[in-house]
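Peer 1: generate coordinates for the sequence data below:
(one chain, ligands or ions: 1)
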Amino acid sequence: MATTGLFISFEGIDGAGKSTHIDALAEAFRMTGRTVTLTREPGGTPLAEKLRAMVLNDAMDPLTESLLIFAGRRDHLVNIITPALARGEVVLCDRFTDATFAYQGGGRGFDLPTLQTLEQWVQGTESGAALIQPELTVWFDLSPEEAARRLAGARLPDKFEAQPVEFFRRVAQGYADRQKSAPRRFARIDASQSREAVWADVRHVFVAKGWLP
Ligand code: TMP
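Peer 2: Numbering: from 1, shown residues only. Below is the predicted model:
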């Protein structure tokens, strides 16, 4: 069966609860006979996972942080994402560039034009045509207050998870701004619902696109 690659990213503030739904989607796609590459950012390759550990644990200025994130993204695109798409696989990526605009741009207040330049460099194609972007971005939208309640008492927080609620308000606004700039790419999911209701909404998006039965 001829299949074309499908690149899908998943976004949301920490605590929005995307992980179980990503795993369930991978299983749903496999049931249809598709090969799934399940991956994440920061990370996804041995080099990018090393950079992830630095980004999540070490203090650094926001330009250094953005450069490390985009360096990892380049390695991930070149070695994992682009080859998987060329093989016709479904690539499910837990976070991608929208997270950089939301966390570094929104949360940390870093310069958006600089992030746009890095995005062009890293996601530009040889033909100079469109940037490599997910075909769909599933955005698990949850209020920062509810996310903080869900995260309280969970595992030891990393550098970002330890940020105050005001930081996550700016991150959430960063996601909303990114959605406004590319509304057709985004599917917003109300992540304040029960896990079952969230899954029903997520599944509906994929069925409506004709990607799942
Ligand atoms: P995770 O816990 O969902 O794997 O995400 C790791 C953390 O990294 C999360 O707090 C969001 C943050 N992050 C950024 O700050 N910038 C980025 O570009 C990405 C992909 C993640």
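Peer 1: what residues of the lowest-mean-pLDDT helix or strand in the chain count as buried?
Peer 2: Per-element confidence for the chain was summarised using mean pLDDT, DSSP states H and E. The lowest value among helices and strands belongs to helix 144-151, with a mean of 94. For helix 144-151, the buried set under the neighbour-count rule, 16 or more other C-beta atoms under 10 Å, comprises 144, 147, 148, 151. (C-beta placed from N, C-alpha, C; glycine too.)
Peer 1: contact residues of the protein facing the ligand?
Peer 2: Among all residues of the chain, those adjacent to the ligand (criterion: C-beta under 6 Å from any ligand atom) are 14, 40-42, 56, 69, 94-95, 99-100, 103-104, 160-161.
Peer 1: in helices, which of these fall?
Peer 2: With DSSP state H as the criterion, helices contain 56, 69, 99 from among those.
Peer 1: quick check: the first one touching residue 42?
Peer 2: Yes. With the criterion set as C-beta atoms under 8 Å, residue 56 and residue 42 qualify as a contacting pair; they are 7.3 Å apart.
Peer 1: how about the residue nearest the centre of the chain, nearest residue that isn't a chain neighbour?
Peer 2: If you average the C-alpha coordinates of the chain and look for the closest C-alpha using C-alpha atoms, centre = their mean, you land on residue 95, 1.6 Å from that point. The shortest distance from residue 95 to any residue that is not its chain neighbour, by C-beta to C-beta, 6 or more residues apart in numbering, is 4.7 Å, and that residue is residue 41.
Peer 1: what are the ranges of the strands in the chain?
Peer 2: Counting by DSSP state E, one finds strands in the chain at the ranges 6-11, 36-40, 90-94, 136-141, 186-190.
Peer 1: wait, which of those is closest to residue 201?
Peer 2: Across the strands of the chain, the minimum distance to residue 201, taken as C-beta to C-beta, is reached by strand 186-190, at 5.1 Å.
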